[in-house]
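[1] Got a sequence here, can you build the structure:
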Amino acid sequence: MTFVSVCVEWDNFKPSRAHRPRAMLQSIDRQAAALGRPAEIIITFNSEEVAKDDVESFVEGAGVRPRPGVDVRYEGRDGIEYHQLKNAGGDVANGEIVAFIDSDVVPEDTWLAAIAEAFEDPDVEVVSGATYTGPLDSLYNRCVASFWRFEPRPDDAPPETGRGFWSNNVAFRRETFAKHHWPVDPRIRDENVDFNRNITAAGVRMVHAPKARLEHSPPISAGHFVRYGLSDGFNRALRRVGRSPALVVLAIPVALAAIVTDMARFGSKIARRWRRVGLRPAELPAAVGLALCMALVTAAGCAITPLTGDLIPNRFQF
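    Sure thing, here's the model as predicted:
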């Protein structure tokens, strides 16, 4: 019986950032072997966009191959993307525990063991890990980490009651995932919001494992930064306004109001986090300025969505 399945989506893989998926694969391979119980790594990819041979060549080039105790499987599906790829991996997983990780994050050495430890409580059905922004090796990275979506790297602590999870760092008991999947809704691009709500509404017991840490890079270029902001604005417009061109008169005031609310939220985060991410007092204006840029780009994405339809997700992918 397979103890744990680690499902890796290949949608976020970019050749220009290949060092991160290589490090991720090598880390989960080591960690799976260290568990001392049967494990499998499942890589799901869009077979209309990438050939299985190319995925397999990269993975084997990272030194990750099937061996006793750790199987490696490749699951291609036609025309599906991020959350659908996660669902596809979970559907074919053999493990008692099904863990999900992205192809562009790097887990710490305690990641998989911390997930397994949290599941030692038989009543636990979902374990969320701790995703943080890093590395904090530049002023730009530290500024982004001070206001962006992920909390700073936590210290070691025992599992605690969970309040939600990121798609890139979560694990389920297999029978639980069989009942609950990421929703697939063509109207939105942030299905994890709805998945969290569904899990909470179903009364599923979730814990958060602070030691299940992984590092997510900040946007790596100006273009990448803009794409994140436009995507967030797109999601906001679909949820609050809609995509009909006639609704642009509603989208613009929503976008303008969001600048104020976003900056209030970003400012609160900066006030809480700046010391933890290594910012100096003199660097705080840079963090606020970068946060304002993100708020403005997000507002622009919201305002133009009713006029541009699917332009943002189709042309400004991560």
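
[2] pLDDT wise, what is residue 137 at?
    Model confidence at residue 137, expressed as pLDDT, equals 97.

[3] Equivalent analysis for residue 279, please.
    Residue 279 carries a pLDDT score of 98 in this model.

[4] List the buried residues in stretch 128-138.
    Buried residues in stretch 128-138, counted by 16 or more other Cβ atoms under 10 Å: 128, 129, 130, 131, 132, 133, 134, 136. Glycine gets a C-beta too; all of them are placed from N, C-alpha and C.

[5] How about the secondary structure of the residue nearest to the fifth one when sequence neighbours are not counted?
    Going back to what we said before, that points to residue 132. Distances taken as Cβ to Cβ, 6 or more residues apart in numbering place residue 153 nearest to residue 132, at 4.2 Å, with adjacent residues excluded. Following DSSP: H, G, I helix; E, B strand; the rest coil, residue 153 is assigned to coil.

[6] for the one 4 residues further on, same thing?
    Secondary structure of residue 157, reduced to three states by three-state DSSP: coil.

[7] and the nearest residue to it once chain neighbours are set aside, how many neighbours?
    Counting by Cβ to Cβ, 6+ apart, residue 157 lies nearest to residue 210, which is 4.4 Å off, once chain neighbours are set aside. By other Cβ atoms under 10 Å, the residues close to residue 210 number 19.

[8] how many other residues sit next to the residue nearest to residue 132?
    19.

[9] Equivalent analysis for residue 79, please.
    By other Cβ under 10 Å, 9 other residues sit near residue 79.

[10] residues in contact with the residue nearest to residue 157?
    Neighbour list for residue 210: 114, 130, 154, 155, 156, 157, 159, 160 [criterion: Cβ atoms under 8 Å, 6 or more residues apart in numbering].

[11] which one of those residues is nearest residue 82?
    residue 130 (20.7 Å; Cβ to Cβ).

[12] part of a strand, is that closest one?
    Yes. Counting by three-state DSSP, residue 130 is part of a strand.

[13] list the buried ones in stretch 95-115?
    For stretch 95-115, by 16+ other Cβ under 10 Å, it's 95-108, 110-112, 114-115.

[14] Compute the first-to-last residue distance for it.
    Start to finish, the residues bounding stretch 95-115 are 13 Å apart (Cα to Cα, to the nearest Å).

[15] and if you look at stretch 215-231?
    In stretch 215-231, first residue to last residue: 21 Å (Cα to Cα).

[16] in that stretch, what's buried?
    215-219, 224-231.

[17] Max pairwise distance over those: which two?
    Once Cβ to Cβ is applied, the buried residues of stretch 215-231 give 215 and 230 as the farthest pair, at 24.1 Å.

[18] Tell me where the model's unsure across the chain.
    Residue ranges of the chain with pLDDT under 70: 186-189, 241-249, 309-318.

[19] Have a look at it and report its longest strand.
    strand 206-216 (DSSP state E).

[20] Where do the strands of the stretch 51-200 of the chain begin and end?
    In the stretch 51-200 of the chain, the strands defined using DSSP state E, counting those that start in this stretch lie at 70-77, 97-102, 105-107, 126-133, 160-161, 169-173.

[21] Quick check, residue 218 in contact with residue 142.
    No. If you go by Cβ atoms under 8 Å, residue 218 and residue 142 don't touch, sitting 9.2 Å apart.

[22] Show me which residues of the helix or strand where residue 303 lies are buried.
    Residue 303 is located in helix 284-308, with elements delineated by DSSP states H and E. In terms of neighbour count (16+ other Cβ under 10 Å), helix 284-308 has its buried residues at 287-288, 290-292, 294-306, 308.

[23] What of stretch 231-242?
    Applying 16+ other Cβ under 10 Å to stretch 231-242 flags 231, 232, 233, 234, 235, 236, 237, 238, 241 as buried.

[24] Name the nearest residue to the second one, sequence neighbours excluded.
    Ranked by Cβ to Cβ, 6+ apart and with sequence neighbours excluded, the top spatial neighbour of residue 232 is residue 298, at 4.7 Å.

[25] From residue 284, how far off is the one you found?
    Taking Cβ to Cβ, to the nearest Å as the measure, residue 298 and residue 284 are separated by 21 Å.

[26] Show me how to select, in PyMOL, the buried members of the contacts of residue 210.
    Per 16+ other Cβ under 10 Å, the buried members of those correspond to this PyMOL selection:
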select buried, resi 114+130+159
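
[27] one step back: just give me the closest of the buried residues of stretch 231-242 to residue 67.
    Nearest to residue 67 among those, counting by Cβ to Cβ, is residue 231 at 38.6 Å.

[28] Contact partners for residue 63?
    By Cβ under 8 Å, 6+ apart, the residues touching residue 63 are 26, 29.

[29] For it, grab phi and psi.
    phi 90, psi 20 (degrees, to the nearest 10).
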